[in-house]
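1. Please find the sequence and the predicted model below.
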Amino acid sequence: MQTLVSLTDTSSVALYPFLNKVIVPRGATDLARDQPPADVTLIATKTSLVVREDLHPAMQYLLLNAASEIHSGPSIFNRANTFPAAEAIDMPLSCRVSTQITGKPASARTL
């Protein structure tokens, strides 16, 4: 049997852009057995979808669409349609991808 240990102090998570505080709600993994028996606070890392700079724009578009279809639904850790997010964590965001996610060119979003 595995046990999740809830973290009591996650205030420093805000200092690191690559970390998220996530909560596993009571009963989320097994409703019949009430597992976990209480909300569990965890720290999770954010993930970036990275492609080579010379990858053809059409392939970038198709990869992002596939990732969106697979991961945009709701789960224990996120609401529906929060992935993908136009958020540069470790690397700069591609202008093409930024436009595809937000529907506006990067220059228009900053004006």
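-> Arrived safely. A quick note: this is a predicted structure, and the numbers were derived from the prediction, not measured.

2. All the helices of this protein, residue numbers only.
-> 57-71, 95-102, 106-110 (DSSP state H).

3. Which of those helices comes out lowest on mean pLDDT?
-> With a mean of 44, helix 106-110 has the lowest mean pLDDT of those.

4. Burial check on residue 94, number of neighbours?
-> Residue 94: 20 surrounding residues under other CB atoms under 10 Å. All C-beta atoms are positioned from the backbone trio N, CA, C, and that covers glycine.

5. scratch that, residue 75 is what I was asking about
-> Using other CB under 10 Å, residue 75 has 11 other residues around it.

6. Pull up the gap between it and residue 15, please.
-> Between residue 75 and residue 15 the distance is 26 Å, computed by CB to CB, to the nearest Å.

7. do the same with residue 78
-> Residue 78 is 21 Å from residue 15, by CB to CB.

8. And the two? Which one has more around it.
-> More neighbours surround residue 78 than the other of residue 78 and residue 15, with 16 against 7 (other CB under 10 Å).

9. residues contacting the more buried one?
-> Residue 78 makes no contacts at all, as judged by CB atoms under 8 Å, 6 or more residues apart in numbering.

10. now it: how far from residue 27?
-> On the measure of CB to CB, residue 78 and residue 27 end up 18 Å apart.

11. Nearest spatial neighbour of residue 80, chain-adjacent residues omitted?
-> Counting by CB to CB, 6 or more residues apart in numbering, residue 74 is the residue found nearest to residue 80 once chain neighbours are left out, at 4.2 Å.
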